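> sequence below, structure please.
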Amino acid sequence: MRNLLEGEHTYFTGCNRFIPTCVGNSHANNLHHRRTHLKRFVYFSSAAIYGDTLHTPIDENHPTQPLSPYGVSKLAGEQYALMYHRAFGLPVAVLRPFNIYSPRQDPSNPYSGVITKFIERAKAGQSPVIFGDGEQTRDFISVHDIVDLVELLVEKDAAIGRVFNAGTGTQTAVNRLAEIVLEVFGSDLALEYREARTGDIRHSVADISAAKTLGFVPQVSLEEGLAEFAGE
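Prediction:
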C-alpha cells in the first residue's frame with residue numbers, strides 16, 4: 001500500500017485479491033496515508049445509495065435510502081472517506097456513477113450491467129431479457145466519459161471534500177435500450193419479458209450540474225457507445 005501511495009496517479013478498483021489485505025491491515029493503511037502527501041483520493045461510490053427516487057433528475061442532495069447491501073456498503077465507504085477529509089485533511093472527492101458500460105465488462109460478473117447482458121445475448125442470437133414492463137429508466141454512461149470525469153476530480157482542487165454524480169443527464173427506458181442493441185447487431189429478435197425483480201429502482205437519471213462546474217461534458221452518446229461493442 002505504501003508503494004501505491006507514492007505513485008503519481010494510482011487507480012485502485014477494489015480487485016478481489018486485494019480486499020483481504022485492505023481490511024486486515026486497515027490501521028497500517030491509515031498510518032501510511034497520514035505519512036504520504038496525496039494529491040487526491042477519489043472514492044468510487046454508486047448511484048445505488050439513492051434507492052427509490054423521490055424526484056428526477058437526482059442531485060447529490062437527494063436522500064440516501066439504499067435498497068441493497070451493496071448500496072449500504074458504498075454509502076458507508078463515502079462516510080469513511082469524507083470523515084478522513086474532515087478529520088485529517090485527506091483530499092477526498094467522491095464519485096457516484098450511475099450505469100457505467102464498457103466493452104470489457106465480464107457478462108458473467110453479477111455486477112455487470114444490463115447493457116453487457118443484452119449484448120451477450122444478442123451476439124448469441126438470443127432475445128434480450130427484460131424484467132418488468134421495460135419502461136423503467138436508467139442513465140447509461142460510457143467508461144470513456146467516466147475516465148474524463150475522474151481526471152477532472154484529480155486535477156481540480158474544487159473537487160476536494162465534495163460528492164459528484166457521474167452520468168449523462170439523459171434517461172433511457174430499458175425497452176429502448178434493447179431496441180438499440182438489436183439495431184446495432186442487425187437483429188430482428190423479439191424482446192423477452194419476465195416478472196419484475198424485487199428491489200429494482202423504477203427511474204434513475206443523474207443531475208450532473210455539480211460535475212459540470214468542473215468542466216465535465218459527456219461526449220459519448222448511447223448509440224455511439226453501443227456501436228463500440230459491435231466493433232469488438
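
> skipping adjacent residues, who's closest to Asp145 in space?
In this structure, Asp145 finds its nearest non-sequential neighbour in Pro218, 4.7 Å apart by Cβ to Cβ, 6 or more residues apart in numbering. Where you see a C-beta, it was placed from the backbone N, CA and C, and this is true even at glycine.

> sorry, that was for Tyr193
Among residues not flanking Tyr193 along the chain, Ile130 sits closest, at 5.2 Å (Cβ to Cβ, 6+ apart).

> how much space between that neighbour and Gln79?
From Ile130 over to Gln79 the distance is 35 Å, taken as Cβ to Cβ, to the nearest Å.

> more crowded one of those two?
Remark: of Ile130 and Gln79, Ile130 carries more neighbours, 21 against 11, as counted by other Cβ atoms under 10 Å.

> any idea of the pLDDT on the more buried one?
Listed pLDDT for Ile130 reads 95.

> repeat that for Cys15.
Listed pLDDT for Cys15 reads 52.

> cool, and the one 3 residues further on?
At Phe18, the predicted lDDT confidence score is 49.

> tell me the secondary structure for Ser73?
Here Ser73 is helix, with the state taken from DSSP: H, G, I helix; E, B strand; the rest coil.

> which residues does it contact?
By Cβ atoms under 8 Å, 6 or more residues apart in numbering, Ser73 lies in contact with nothing.

> okay, now Phe140: neighbour count?
Residues within reach of Phe140, counting by other Cβ under 10 Å, total 25.

> list the contacts of the residue nearest to it when sequence neighbours are not counted.
For Phe140, ignoring the flanking residues on the chain, the nearest one in space by Cβ to Cβ, 6+ apart is Asn99 at 4.7 Å. Taking Cβ under 8 Å, 6+ apart, we find Asn99 in contact with 47, 113-115, 138-141, 167, 204.

> same question, Ser102
The contact partners of Ser102, by Cβ under 8 Å, 6+ apart, come to 142-143.

> any idea of the pLDDT on it?
91.

> now swap in Val143 and tell me
Per-residue pLDDT puts Val143 at 96.

> from Pro110, how far out is it?
Computed as Cβ to Cβ, the Val143 to Pro110 distance reads 19 Å.

> can you check Lys123 too?
As judged by Cβ to Cβ, Lys123 and Pro110 stand 19 Å apart.

> can you pull out the strands in the protein?
For the chain, applying DSSP state E gives strands covering 41-44, 92-97, 99-101, 129-131, 137-138, 140-142, 162-166, 172-173, 192-194.

> ok so, going back, and which of the contacts of Asn99 is nearest Thr53?
Ser204 (6.3 Å; Cβ to Cβ).

> number of nearby residues for that closest one?
By the criterion of other Cβ under 10 Å, Ser204 has 23 neighbours.

> wait, it touches Ser46, no?
No - checked against Cβ atoms under 8 Å, the pair Ser204 and Ser46 is beyond contact range at 11.1 Å.

> centre-most residue in the protein?
Pro97 (3.0 Å; Cα atoms, centre = their mean).

> count the residues that sit near the closest residue to that one other than its chain neighbours.
The shortest distance from Pro97 to any non-neighbouring residue, by Cβ to Cβ, 6+ apart, is to Ala166 (4.3 Å). Number of residues near Ala166 (other Cβ under 10 Å) recorded here: 27.
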